[in-house]
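Q: Starting from these lines, generate the structure:
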Amino acid sequence: MQSIDLGVFETFYNWCFAYVFRGDHGSQILTAFRIPFYWAFEWVAYRIFAAALKSGEFDVVLRLTPVAPVIPSLIAKRCRALGIPFIIGPINGGLPWPKGYSQAQRGKEWISNLRFIYRMLPWARSTYRDASAIVTGSSETFHEFRTFEDRLFFMPENGIEEQRVIDRIQSPTKKGPLRLLFVGRLISIKGVDMAIR
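A: Residues are numbered from 1 along each chain as shown. Below is the predicted model of the structure:
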């Protein structure tokens, strides 16, 4: 196991995350802000592992994070040149707002209207062109990358396997309001207000 230290770059990111973004992992502006930090991370990681990759110590490179498909990788092209499979995913995000939910759409961040710009970023095309496999976590993301269908896989990772909870499922024993446990961020697109109503 090797830790990647970005030094002052990481310190600056952590400060911004805590004080500018106030720890909001779900902000789309944060996703855009992270792009140069992910590039710095991949650049340092590649420098550390370049010799091992070139000598064949690794069979595959798996890029699990970031989940956002709008953050290109500078490693995909290098892996392809070395003949090492590069797998990206599961990627997810950029889901459209449902039609007819104008109240929820008011919570939409302005930056989501600029999402298309990521295709113009350095390495945006080579990330997916040079990937050996692209794993998507939603049907919408799968559809977005359909031009790569020969190496595109759909794996909806959200949820709990029924076998893990089947013995614990109980019928309500008392009449009254439904008791519901919601696990997730309380943002308008999740529709928690509809569940409460």
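
Q: Give me the distance between residue 2 and residue 61.
A: Using CB to CB, to the nearest Å, we find residue 2 at a distance of 14 Å from residue 61. In this view, the C-beta of every residue, glycine as well, is placed from N, C-alpha and C.

Q: Oh, that last question was meant for residue 151, not what I typed.
A: Taking CB to CB as the measure, residue 151 falls 14 Å from residue 61.

Q: Who has more neighbours out of those two?
A: A count of neighbours by other CB atoms under 10 Å puts residue 61 above the other of residue 151 and residue 61, at 22 against 15.

Q: surely that one meets residue 87?
A: Yes. Residue 61 sits in contact with residue 87 when judged by CB atoms under 8 Å, with a separation of 7.1 Å.

Q: Could I get the contacting residues of the most centrally placed residue in the chain?
A: With distances taken as CA atoms, centre = their mean, the residue of the chain nearest its centroid is residue 67 (1.3 Å). Under the criterion of CB atoms under 8 Å, 6 or more residues apart in numbering, the contact partners of residue 67 comprise 90-93, 137.

Q: what about 7 Å?
A: Residues near residue 67 by CB atoms under 7 Å, 6 or more residues apart in numbering: 90-93.

Q: State the distance from the closest residue to residue 89 other than its chain neighbours to residue 82.
A: Across the structure, with CB to CB, 6 or more residues apart in numbering as the measure, the residue nearest residue 89 apart from its sequence neighbours is residue 135 (3.0 Å). Between residue 135 and residue 82 the distance is 21 Å, computed by CB to CB.

Q: Now the phi/psi pair for residue 133, please.
A: Backbone torsions for residue 133, taken as degrees, to the nearest 10, come to phi -150, psi 140.

Q: count of residues packed around the residue nearest to it when sequence neighbours are not counted?
A: Closest residue to residue 133 apart from its sequence neighbours, by CB to CB, 6+ apart: residue 87 at 4.4 Å. The number of residues packed near residue 87 is 18, by other CB under 10 Å.

Q: Across the sheet, point out what pairs with residue 87.
A: residue 62, residue 133 (DSSP bridges).

Q: Use 320 as the first number from now on
A: In the new numbering, first residue 320, that becomes residue 406.

Q: which residues sit in contact with it?
A: When the contact criterion is CB under 7 Å, 6+ apart, the partners of residue 406 are 379, 381-382, 450-452, 454.

Q: quick one: which of these has the most company?
A: Highest count within those by other CB under 10 Å belongs to residue 450, 25 neighbours.

Q: Secondary structure of that residue: a strand, I assume?
A: No. Residue 450 sits outside any strand when classified using DSSP: H, G, I helix; E, B strand; the rest coil, being coil.

Q: Run a quick neighbour tally on the nearest residue to residue 343 once chain neighbours are set aside.
A: The shortest distance from residue 343 to any residue other than its chain neighbours is 6.6 Å, reached at residue 349 (CB to CB, 6+ apart). Residues contacting residue 349 under the criterion other CB under 10 Å number 18.
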